[in-house]
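In: Only the shape, not the letters, is given here:
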């Protein structure tokens, strides 16, 4: 009898869940249920194919929709999703569907439907909405960027905007110059995020310990108990279970790494564009342990360019031509040109060995095998790539080479040069013997890709490379002009011994030294609860602030921007 009553109760609850969704969808033609199959293409890439689509209003008359309706069947690789016609998006969970249907954006779109003839659902690509060929989205000058739309929505909904998202952020701290470096005083900063779906139901401490690497788990526990981690602007506890739509914030005492004090030269500036010569060591935009020491912040604070939009990026250690737009619409125009490969890019680099005199074309596909450390290798399963190389000069075992990348894959030039057997002389990643005696020449890694990733993580953790963006240079020029190679840990079995050595012996760059626990109380930039305030950093050597790879020229239809050749090209 109890089982019968329990079964009846479960059926009633399911009926109530179904009824709640049905009441929200009071007419057909608004949403569809789509059936998608997850596939692996012959190239090894993942893909999704649309099998069926049915109007949601009709589907509910014949089927129940439980909360786990969108869970993928691991045996058949079939997954059910929802497609919203007014908003032209795909929704992948019942909970997300309920939130979406009650949202202002959906209600507004449903009240003002668009001409669906301009759109179609791609049956070969997971049912996403796409514009029909020949129908292009207008690039109105008045169209707001995502950043501007977010700000507008927060103001309309009376949501407070943190100081770090206003122009007051430029006054968060002080910048000063010392020993040829640009440095930033420590400052307090609040990281914010909404709860991810995979976090829901987990303990707050477990989420921080699993998802973030900036601190040790015990330090995250201390921050939660101290109220530095807040949920929905309220103090929480380590045992709190994360809920849907939770707004989580974490206030930290932020220490940025130094960068070169080299001046940023403006190549060209008008009403639409700002083109600069980026120095090495400065990231394009805030990331990791860089914020005020990023190009966007420096240009805003020192050149008054506060509304820049990134069009393309250069690696932190790479120097050269960097293009910004002054409006979201112009940024999209340039992005489309780059995507269509209508922009010609020209780089120059300094590589190990005697590069061939004739023109070399490398078309090896490149695959990202670790986003964690940003590692790519040549792999048949990778994306198509093409780079043309031409040697300019050779002397004393070093070549100066020009590069014309046709595509724009991650680390494309560095990986192709490594594959050809001529890595960039001071490349901290791809000129490493962890890739084997040949350093990855010809794609020979000497180990599995998984083992390579683990070895690099283990090795570079010793060198403070991941946590502090540090690395050991592989080329240093001494007073006599000769090039000597710095010692590289070749035997990974010795790493445990290195880890037990002092910081002074184990690191070449910015070694940490313990200071007195007695902080200067009068120093406004010190936080007595901050572990990093008890550490001092040695200044990095100048040769570690740049990689010998330079974006020399970017050009397109009727325009071109170019810099001078860098000094390190003179052999």
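Out: That came through, no problem. This structure is a prediction, so every number in the text was calculated from the model and none was measured.

In: Could you pull up the contacting residues of residue 533?
Out: Taking CB atoms under 8 Å, 6 or more residues apart in numbering as the criterion, residue 533 is in contact with 186, 253, 255, 519, 526-527. For every residue, glycine as well, the C-beta is placed using N, CA and C.

In: Is it located within a helix, as I assumed?
Out: Yes: counting by DSSP: H, G, I helix; E, B strand; the rest coil, residue 533 is found in a helix.

In: wait, which of the contacts of residue 533 is closest to residue 416?
Out: Nearest to residue 416, judged by CB to CB, of the contacts of residue 533 is residue 255 at 35.8 Å.

In: hang on, the earlier thing: which two of the contacts of residue 533 lie the greatest distance from each other?
Out: 255 and 519 (13.7 Å).

In: Compare the two and say which is more crowded by neighbours.
Out: Set residue 255 next to residue 519 and count neighbours by other CB atoms under 10 Å: residue 255 wins out with 18 against 14.

In: just checking, what packs against the helix or strand hosting residue 276?
Out: Element membership for residue 276, per DSSP states H and E: strand 273-278. For strand 273-278, the packing partners by 3 or more CB pairs under 8 Å, 6 or more residues apart in numbering; DSSP states H and E come out as strand 265-269, helix 295-303, strand 319-325.

In: So residue 243 versus residue 192, what's the distance?
Out: 16 Å (CB to CB, to the nearest Å).

In: about what we covered before: the strand holding residue 276 - which strands sit beside it in the sheet, and in what orientation?
Out: strand 265-269 (antiparallel), strand 319-325 (antiparallel) (DSSP bridges).

In: pLDDT weak spots in the stretch 451-571 of the chain?
Out: 460-524 (pLDDT under 70).

In: Over to the chain?
Out: 1-24, 26, 41-45, 114-143, 460-524.

In: Helices along that one, start to end?
Out: 2-24, 56-62, 94-101, 104-111, 146-156, 204-211, 217-225, 295-303, 328-339, 412-420, 449-462, 465-468, 495-500, 503-506 (DSSP state H).

In: quick one: the fourth one to helix 94-101, angle?
Out: Right, the one you point to is helix 104-111. Taking axes from the mean of the first three to the mean of the last three CA atoms, to 10 degrees, one finds that helix 104-111 is oriented at 60 degrees with respect to helix 94-101.

In: Kindly tell me how buried residue 434 is, as a neighbour count.
Out: Count around residue 434 with other CB under 10 Å applied: 20.

In: right, and it touches residue 454 too?
Out: No: the pair residue 434 and residue 454 fails to qualify as a contact (CB atoms under 8 Å) at a distance of 10.3 Å.

In: For the helices and strands packed on strand 273-278, please prepare a markdown table with the additional fields distance to residue 65 and mean neighbour count.
Out: Listed next are these as a markdown table, based on distance: least, CB to CB, whole Å; neighbours: other CB atoms under 10 Å:
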| stretch | distance to residue 65 | mean neighbour count |
| --- | --- | --- |
| strand 265-269 | 55 | 14 |
| helix 295-303 | 45 | 18 |
| strand 319-325 | 44 | 24 |
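
In: For residue 40, find the nearest of those.
Out: Smallest distance to residue 40 across these (CB to CB): 37.3 Å, for strand 319-325.

In: who's in contact with that closest one?
Out: 267, 272-280, 284, 295-296, 299, 305, 308-312, 314, 331, 333-334, 347, 546, 549-554, 561-563, 566.

In: quick check: angle from it to helix 328-339?
Out: 130 degrees.

In: what bridges to residue 176?
Out: If you apply DSSP bridges, the partners that residue 176 bridges to are residue 183.

In: ok, it to residue 525 distance?
Out: 11 Å.

In: These two: which is more packed in?
Out: Ranked by neighbour count (other CB under 10 Å), residue 176 and residue 525 place residue 525 first, with 16 against 11.

In: So that one sits against residue 187, correct?
Out: Yes: between residue 525 and residue 187 a contact is recorded at 7.3 Å, counting by CB under 8 Å.

In: Check the gap between the closest residue to residue 380 other than its chain neighbours and residue 535 for me.
Out: Nearest non-adjacent residue to residue 380, counting by CB to CB, 6 or more residues apart in numbering: residue 365, 6.2 Å away. Plainly put, residue 365 is 43 Å away from residue 535 if you go by CB to CB.

In: show me what contacts the nearest residue to residue 561 once chain neighbours are set aside?
Out: Nearest non-adjacent residue to residue 561, counting by CB to CB, 6+ apart: residue 275, 4.6 Å away. By CB under 8 Å, 6+ apart, the contact set of residue 275 is 266-269, 321-324, 561.

In: just those now: which is nearest residue 104?
Out: The closest of the contacts of residue 275, once distances to residue 104 are taken by CB to CB, is residue 324, at 32.4 Å.

In: Against residue 184, how distant is the closest one?
Out: 21 Å.

In: Pipe the strands paired with strand 273-278 into a markdown table and attach distance to residue 407 per row.
Out: Below are those laid out as a markdown table (distance: least, CB to CB, whole Å):
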| stretch | distance to residue 407 |
| --- | --- |
| strand 265-269 | 24 |
| strand 319-325 | 18 |
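
In: Out of those, which gets nearest to residue 106?
Out: strand 319-325 (30.9 Å).

In: The closest one: how far from the chain's middle?
Out: Strand 319-325 sits 18 Å away from the centroid of its parent chain (CA atoms, centre = their mean, to the nearest Å).

In: tilt between that strand and helix 295-303?
Out: Using the same axes, to 10 degrees: strand 319-325 against helix 295-303 is 80 degrees.

In: residues near the nearest residue to residue 322 once chain neighbours are set aside, how many?
Out: Excluding its sequence neighbours, the residue lying closest to residue 322 (CB to CB, 6+ apart) is residue 278, at 4.2 Å. Other residues lying near residue 278 total 23 when counted by other CB under 10 Å.

In: could you list every residue that touches residue 278?
Out: Residue 278 touches 264, 284, 295, 314, 318-322, 551, counting by CB under 8 Å, 6+ apart.

In: What of residue 296?
Out: Taking CB under 8 Å, 6+ apart as the test, what residue 296 contacts is 284-286, 308, 310, 324.

In: how deep is the nearest residue to residue 212 once chain neighbours are set aside tucked in, by neighbour count?
Out: Excluding the flanking residues, the one nearest residue 212 by CB to CB, 6+ apart is residue 220, at 7.3 Å. Residue neighbour count, defined by other CB under 10 Å, stands at 23 for residue 220.
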